[in-house]
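A.B. asks: Coordinates only, no sequence provided:
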């Protein structure tokens, strides 16, 4: 045996040997570095015996130990005492290890393995690495917690792990702080996208009884999947649902959701269809589809836990196919609206609309755009007919310190409408629109902030037009000629704008009796106390027409907010409020309410609490509606998913 040795005067003199190997996979040299305090070499067996602070390092793997035998032909490593192994997928600590570095297979004694991507921690008295991604462990534990004594873990007699796929175990018990909670003879869980049943959901509602939902997840391909679900409300009935998701090449993506719920108490079948498809191209063919449909208006009120959806007035379904070439864009459009509060049969629908637009294009000193379309309009009980629309528009702006902006447009439209069968209402309408605004900026710098003032004067003119039916925003134009004087104030410091104030007041040129229109005030304050508010005041009636406010402030570890939405003409007044605070590091508490002051005083509110640690969390949610309440309890084990009760 050829022996290399060095007696050292200082505690550490390290011998470094550089070896070159040929990779069978890529047929290129792979450098292997060997480093140790002491090294012996057997040229017959081609084995290195390394002792003291040993490290074998390759591009794809690294191993350290106090004692290593290394075969340079087979790339087999036998390591003992304080063994550490690492590659791009895992890192490992062990008492002993027999490893083939190139194949990344072997046997490990008293191993502690961390899977880097998802932070899975696995220990075992004996670990057999069958392949680069497959492991077998005896007397093993599994967790995603980093602590030495994990806050939760699974302990099993035998565990099989396929990295990126699944974990299955025999004779398993679930432990919290090493205290056993429950036992199962067999357990399997996905640790990647995999077809199978998901964790069921349990719940309770006051008027719907106990709730059970069982989802089944189907991996169709790498870019497509679907979820099928069965839902049962013990007091109401059963429902089914399917969700489908996809992501294709060329920026194509979409998601679709179809649900059916039978309600035996109301004797109704609720159907929800909701989905979106997006295919966009700056030049070429684009397709957009956004579907929102309810078979019964009460679905959100009865079955949605989302507070905002219960107040929704309209649902819009929109589909559009378009083709763009340079600055031209042609499209085919359909729109369908559902009124969830009043008779949806009176809503006018646009199906289809064919249009051609010219995006803003520089023509001499101005920018020119054109919108043109022909649309079919129909409704069950409202207006039916056709509309032809043509709108050329020019834009012009000039100046830097003193700025002047102008827009001029001409709207030509022709209608062939029937309010009812046999009642024809043909009309041609031409409207001229002109807007102009002039503004200037004054800046004053102080020691701690900068004050910016921007006075502006605007003018709007819309010529007289016939009383065309209101189909969409193109018809929301009324004859007007007015000036608007506005004053904007910005207060800025190093953190940005901390106060914004805008006052504006129109002056009517056509209405001699009411020259001054409503005064509008807008305020935005960003300090420890934040305020967003706008209001309109009518001089002539001496009353507020609209008020929208939200006041929020942070106090210690909490945030409190209050809001108001008021509209005199529509007889609406909503009050909102809530609080969210963190009494200590891991716990967050919150409560929110929505009160309708005009609609029988209905109040909706939620109370939510979340306790979150590094590898687990608990969430409790209570939601109260005027005639129902729901309670949910969720346990989240990081890496395994959420258990919702």
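C.D. replies: Looks like it came in fine. Since the structure is predicted, the reported quantities are computational estimates derived from the model, not experimental observations. Residues are numbered from 1 along each chain as shown.
A.B. asks: ok, the residue nearest the centre of the chain - contacts?
C.D. replies: Residue closest to the mean C-alpha point of the chain, counted by C-alpha atoms, centre = their mean, is residue 255 at 13.3 Å. Listed by C-beta atoms under 8 Å, 6 or more residues apart in numbering, the contact set of residue 255 reads 243, 244, 245, 246, 275, 276. Placement of C-beta: from N, CA and C, glycine included.
A.B. asks: So the last one: helix, strand or coil?
C.D. replies: It refers to residue 276. Using DSSP: H, G, I helix; E, B strand; the rest coil, the three-state assignment for residue 276 comes out as strand.
A.B. asks: That one bridge partners, please.
C.D. replies: Beta-bridge partners of residue 276, counted by DSSP bridges, are residue 255, residue 290.
A.B. asks: Same question for the third one.
C.D. replies: Per DSSP bridges, residues listed as beta-bridge partners of residue 245: residue 225, residue 255.
A.B. asks: Quick check: it vs residue 255, distance?
C.D. replies: Taking C-beta to C-beta, to the nearest Å as the measure, residue 245 falls 5 Å from residue 255.
A.B. asks: what does the fifth one give?
C.D. replies: Distance, residue 275 to residue 255, using C-beta to C-beta: 6 Å.
A.B. asks: same deal with the first one?
C.D. replies: For residue 243, the distance to residue 255 under the criterion C-beta to C-beta works out to 7 Å.
A.B. asks: Now stretch 356-374: buried residues?
C.D. replies: With burial defined by 16 or more other C-beta atoms under 10 Å, the residues of stretch 356-374 counted as buried are 357, 358, 366, 367, 368, 369, 370, 371, 372, 373.
A.B. asks: Ok, stretch 505-512 next?
C.D. replies: 505, 506.
A.B. asks: all helices of this structure, in order?
C.D. replies: Assigned by DSSP state H, the chain shows helices spanning 299-303.
A.B. asks: Give me the below-cutoff pLDDT ranges for the stretch 301-450 of the chain.
C.D. replies: 305-308, 310-311, 342-346, 382-383, 419-425 (pLDDT under 70).
A.B. asks: where do the strands sit along it?
C.D. replies: Counting by DSSP state E, counting those that start in this stretch, the stretch 301-450 of the chain has strands at residues 314-325, 328-339, 349-363, 366-378, 384-398, 402-418, 424-440, 442-445, 450-462.
A.B. asks: Let's have those strands in CSV, adding distance to residue 211.
C.D. replies: Converted to CSV, the strands of the stretch 301-450 of the chain look like this (distance: least, C-beta to C-beta, whole Å):
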stretch, distance to residue 211
strand 314-325, 25
strand 328-339, 27
strand 349-363, 36
strand 366-378, 40
strand 384-398, 44
strand 402-418, 49
strand 424-440, 52
strand 442-445, 60
strand 450-462, 54
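A.B. asks: of all those, which lies closest to residue 132?
C.D. replies: strand 314-325 (47.1 Å; C-beta to C-beta).
A.B. asks: So what touches that closest one?
C.D. replies: 281-294, 329-340.
A.B. asks: make it 6 Å
C.D. replies: With contact meaning C-beta atoms under 6 Å, 6 or more residues apart in numbering, strand 314-325 is reached by 283, 285-292, 329-338.
A.B. asks: and if you look at stretch 266-282?
C.D. replies: 251-254, 256-262, 286-296, 299.
A.B. asks: Just the ones of these in strands?
C.D. replies: Secondary structure from DSSP state E places 252-254, 256-262, 286-294 of the contacts of stretch 266-282 in strands.
A.B. asks: ok, of these, which come out buried?
C.D. replies: 254, 256-261, 286, 288-289, 291-292, 294.
A.B. asks: Tell me which two in those residues are the farthest apart.
C.D. replies: Most distant of those, by C-beta to C-beta, are 261 and 286, 34.6 Å apart.
A.B. asks: and the gap between the nearest residue to residue 524 once chain neighbours are set aside and residue 607?
C.D. replies: Closest residue in space to residue 524, ignoring its immediate chain neighbours: residue 500 at 4.2 Å, by C-beta to C-beta, 6 or more residues apart in numbering. According to C-beta to C-beta, residue 500 and residue 607 sit 34 Å apart.
A.B. asks: again, but for residue 255
C.D. replies: On the measure of C-beta to C-beta, residue 255 and residue 607 end up 30 Å apart.
A.B. asks: okay but residue 49 is in contact with residue 40, surely?
C.D. replies: Yes - using C-beta atoms under 6 Å, residue 49 is in contact with residue 40, at 4.2 Å.
A.B. asks: So for these two, which sits in the more crowded spot?
C.D. replies: A count of neighbours by other C-beta atoms under 10 Å puts residue 49 above the other of residue 49 and residue 40, at 19 against 16.
A.B. asks: Next one: the closest residue to residue 102 other than its chain neighbours, what pLDDT does it get?
C.D. replies: Once flanking residues are discounted, residue 102 sits nearest to residue 75: 4.6 Å by C-beta to C-beta, 6+ apart. Residue 75 carries a pLDDT value of 84.
A.B. asks: Tell me the backbone dihedrals of residue 75, please.
C.D. replies: When read as degrees, to the nearest 10, the backbone of residue 75 gives phi 60, psi 30.
A.B. asks: check contacts around it.
C.D. replies: 100, 101, 102.
A.B. asks: The second one: neighbour count?
C.D. replies: Other residues near residue 101 come to 24 when the count uses other C-beta under 10 Å.
A.B. asks: From residue 532, how far off is residue 574?
C.D. replies: For residue 574, the distance to residue 532 - C-beta to C-beta - is 15 Å.
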